[in-house]
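Q: When you get a sec, could you give me coordinates for this:
(chains A, B and C, ligands or ions: 2)
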Amino acid sequence: MPMKYDLVIIGAGPAGMGAAIIAASHGASVALVDENPVPGGKLRGQVYKEPKANWWIGQEIARNMEKEIKQLGVTCFLEREVWAIYPKWKIMLNNGEQLESDYVVLATGAIEKPIPIPGWTTPGVMAIGAAQVMANIHRVKPGNRVAIIGIDALSLTIAYDLKMAGVDVVGIYLPPFNEFSLDKSNPLKMIAYLSSLSHLAPNPILKLLGKLGKQASVQKLGVNYYPPFGMRVWGIPLHLRKAVVQILGDELVEAIKVTTIDRSGELETKQEKRIPVDCVCISGGLYPLVELANVAGCAFVYVEDLGGHIPLYSDEMETTQSGIFVAGNSTGVEGAKVAMAQGELVGAIISNRLGLLKHGTELIKQAKEKVNVARKNAVIKFHPTIESGREKVLHLWNEKAVK
Amino acid sequence: MIQNMLICRCEEVLLADIVASIENGAGTLKAIKMETRAGMGICQGRTCRMLLEQVMDFHTDINVQEANNLSYNNPVRPISLANLSRSGKDSEP
Amino acid sequence: MRINKHPILGKLDRKEICITYNGSDYQAYEGETIAAALLANHIRVLRYSEKGKKPRGIYCGIGHCYECRVTVDDERSVRACVTVVQDKMKIRSQGMYANEI
Ligand SMILES: Cc1cc2nc3c(=O)[nH]c(=O)nc-3n(C[C@H](O)[C@H](O)[C@H](O)COP(=O)(O)OP(=O)(O)OC[C@H]3O[C@@H](n4cnc5c(N)ncnc54)[C@H](O)[C@@H]3O)c2cc1C
Ligand code: FES
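A: Ligands and ions are numbered 1, 2, ... in the order given. Here you go, the predicted structure:
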């Protein structure tokens, strides 16, 4: 027999757990499914200092949320993959179990986009997120000498994580230009991008770049005068004029081949250098993991500011399939605090639909406000234009409603 | 050398194979997948789906994003045949 | 490879257990994944690819890419990066031998 619940949540990251806690605390019977043995999602790997506040230690926050979930009697289905959702709504788990509910929350998070580089399948090459999991969750160094390819909020954050873990990070490099790296291989574009991260900038020169770098002329100067040996960020060389063109080694990673990029953006192949490393981390950015929304029949929209294809959702976070809600990074890539607040909002909305709330409208309003505040104060912004992306979605939803 | 780079890690499909399939007329993600098997392996395209879109974007005039090629199929995760057959019936509690 | 002391996360204090990989014994910590335990023992090659017989190790680290498939006890194609080690667990790499099923 399928097991029936008021609400089934797929994904036990900060969004899924946030939704579970709120709905269960209002008396809903909740099932929470995740393929990992421990709840927490990507939250568990996060360790960073918040400006004017304490360290954000994801593992501790996840552990506290897990305790709360258990106290509230949420049923956890861990180490189970959801492989399909059938109307209306049956959730299929890979060990043969079946859950049933009128309300489903898809909180499946985001996934990394790779940048293929010759040699990227050699053991020792990994996605940047894997390095974070190894160092921060399992406390194992991904390598002793690590090169990072790709400059973005995540790779800078994790470079710092590795540094704290005592790893020798030999440098952060650009990928070479190819079908997959596109703007990420362009020094000029990267300076512009770094300027949008200046709130994160750990280094006075970067901060200055951040202030000046919004003007195109200065960006160009920045590239021209960017030191060929890189600029140090927390002691790690950040290279805007060097690309890793190949990863060397047969059984294991042995070295990277690095080429200088000249002022016009071309590779100076004569300037190739071999740098020994035992691990290479590739950072190509994140995009929402939305496969389940797709098989459930939800309508999709493409919104660049949110990371790509996302299920169209209303201001109540409901998709075009009634009863299927979304929360967290599967609606657009943002930090954990926003994901958690989105989860709580969905938890409140569904509790209200279930008739469990006395002051529903008020509670939902507060929960919405919490999402906005979290977004405004976010330390890590994966997409500088996230707010306009969110507005775009609501606009598209309203347009659809009019039709 | 770049063309010899693997794109689909599961089915071991090279960039060169994908570009060749496009040159031979594969005009949709589905056609590329059918011809090269890229994206049809055990991870079900979770690693290379985006890359296939990018190869198409780069080598054709088709705007893959707008073409909205999202087409995931059940099962979205690899499951055993035993489970798939059992899913028709009710599972044990 | 272990990060025993960490400026923010503190000291590592976990219970030791024993796993075997391709017939040899290795130390692991309770609660960690197979991938983490093997990496801590300097093991990166988890399998050889079906067609090209090329070595592969972890890639995504979070269960998405299926590159880290190993055989655990007698179950094939278990993802090493999302499967927790158990004491006396027998792990084998895949794709090494021609006579594998
Ligand atoms: C590699 C990586 C590193 C990141 N690092 C940071 C960082 O340092 N700081 C920061 O602020 N943000 C970081 N982020 C962003 C991060 O996604 C958010 O901070 C936050 O964790 C998102 O929460 P979520 O609940 O939406 O998703 P997640 O935390 O990703 O949780 C989703 C959960 O759903 C599970 N799941 C997905 N599909 C299925 C299925 N079919 N069956 C069963 N379970 C499934 C996943 O395994 C996962 O446990 C990172 C993201 C990634 C991908
Ligand atoms: S490393 Fe990707 S699934 Fe394990």
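
Q: How about residue 48: which residues does it bridge to?
A: Using chain A. With DSSP bridges applied, A:Tyr48 shows beta-bridge pairing to A:Trp56.

Q: you looked at the wrong chain, it should be chain C
A: Listed by DSSP bridges, the beta-bridge partners for C:Tyr48 are C:Pro55.

Q: For it, report the pLDDT, please.
A: pLDDT for C:Tyr48: 96.

Q: Could you check how far it is from ligand 1?
A: In this structure, C:Tyr48 and ligand 1 are separated by 26 Å, where distance is defined by CB to the nearest ligand atom, to the nearest Å. Every C-beta, even on glycine, is put in place using the N, C-alpha and C of the backbone.

Q: I'd like to know how many residues surround that residue.
A: Counted by other CB atoms under 10 Å in any protein chain shown, the residues lying close to C:Tyr48 total 16.

Q: So it sits against C:Gly57, correct?
A: No - C:Tyr48 sits out of contact with C:Gly57 when judged by CB atoms under 8 Å, with a separation of 10.9 Å.

Q: Could you pull up the residues touching the most centrally placed residue in chain B?
A: Closest to where the C-alpha atoms of chain B average out (CA atoms, centre = their mean) is B:Gly39, at 2.4 Å. Listed by CB atoms under 8 Å, 6 or more residues apart in numbering or on different chains, the contact partners of B:Gly39 are B:8, B:11, B:29, B:32-33, B:45, B:48-49, B:52.

Q: let's see it at 6 Å
A: With contacts defined as CB atoms under 6 Å, 6 or more residues apart in numbering or on different chains, B:Gly39 is in contact with B:8, B:33, B:45, B:48-49, B:52.

Q: in what helix or strand does B:Gly41 lie?
A: Per DSSP states H and E: B:Gly41 is located in neither a helix nor a strand.

Q: number of nearby residues for it?
A: The number of residues near B:Gly41, taken as other CB under 10 Å, comes to 21.

Q: contacting residues around it?
A: Shown in contact with B:Gly41 (CB under 6 Å, 6+ apart): B:10-11.

Q: swap in B:Val13?
A: Applying CB under 6 Å, 6+ apart, we find B:Val13 in contact with B:7, B:36, B:38.

Q: For those, pick the one with the most neighbours.
A: By neighbour count, taken as other CB under 10 Å, the most surrounded of the contacts of B:Val13 turns out to be B:Ala38 (29 neighbours).

Q: Can you tell me the closest non-neighbouring residue to residue 33?
A: The chain I'm using is chain A. In space, not counting the residues next to it along the chain, A:Val33 is nearest to A:Phe77; the distance is 4.4 Å by CB to CB, 6 or more residues apart in numbering or on different chains.

Q: was after chain B, sorry
A: Nearest in space to B:Lys33, with sequence neighbours left out and distances taken as CB to CB, 6+ apart, is B:Gly39 at 4.8 Å.

Q: which SS class is the one you found?
A: Going by DSSP: H, G, I helix; E, B strand; the rest coil, the secondary structure assigned to B:Gly39 is coil.

Q: next one: the one 4 residues further on
A: Assigned by three-state DSSP, the conformation of B:Cys43 is coil.

Q: same check, this time on A:Ile21
A: Look at A:Ile21: counting by three-state DSSP, its state is helix.

Q: so how many other residues sit close to the closest residue to it other than its chain neighbours?
A: What sits nearest to A:Ile21 in space, not counting adjacent residues and going by CB to CB, 6+ apart, is A:Glu68, at 5.3 Å. Counted with other CB under 10 Å, the burial measure for A:Glu68 works out to 15 neighbours.

Q: quick one: contacts for the residue in the stretch 101-250 of chain A positioned nearest to ligand 2?
A: Taking CB to the nearest ligand atom as the measure, the stretch 101-250 of chain A has A:Ala130 as its residue closest to ligand 2, at 6.4 Å. Contacts of A:Ala130 were listed using CB under 6 Å, 6+ apart, and they are C:58, C:60-61.

Q: Quick one: name the residues of the stretch 1-150 of chain A near chain C.
A: A:35-37, A:47, A:55, A:111, A:123-124, A:126-127, A:129-130, A:133, A:138-141 (CB under 6 Å from any CB of the partner chain).

Q: what does chain C have sitting close to chain A?
A: C:1, C:3, C:7-8, C:12, C:32, C:36, C:39-40, C:44-45, C:55, C:57-61, C:63-64, C:82, C:84.

Q: re earlier: next one: the residue nearest to B:Lys33 from chain C, what distance?
A: For B:Gly39, the distance to chain C under the criterion CB to the nearest CB, to the nearest Å works out to 13 Å.

Q: quick one, domains of chain A?
A: Domain ranges of chain A: A:3-110+A:286-402, A:125-282, per automatic domain parsing.

Q: mean pLDDT for those: which is lowest?
A: Least confident of the domains of chain A, judged by mean pLDDT, is domain A:125-282 with a mean of 84.

Q: Quote the end-to-end distance of that domain.
A: Distance between the boundary residues of domain A:125-282 (CA to CA, to the nearest Å) amounts to 7 Å.

Q: Name the helix or strand for the residue nearest to A:Ile21, please.
A: helix A:58-71.

Q: Are that helix and ligand 1 in contact anywhere?
A: No - using CB under 6 Å from any ligand atom, we find that helix A:58-71 stays clear of ligand 1, coming within 7.7 Å at best.
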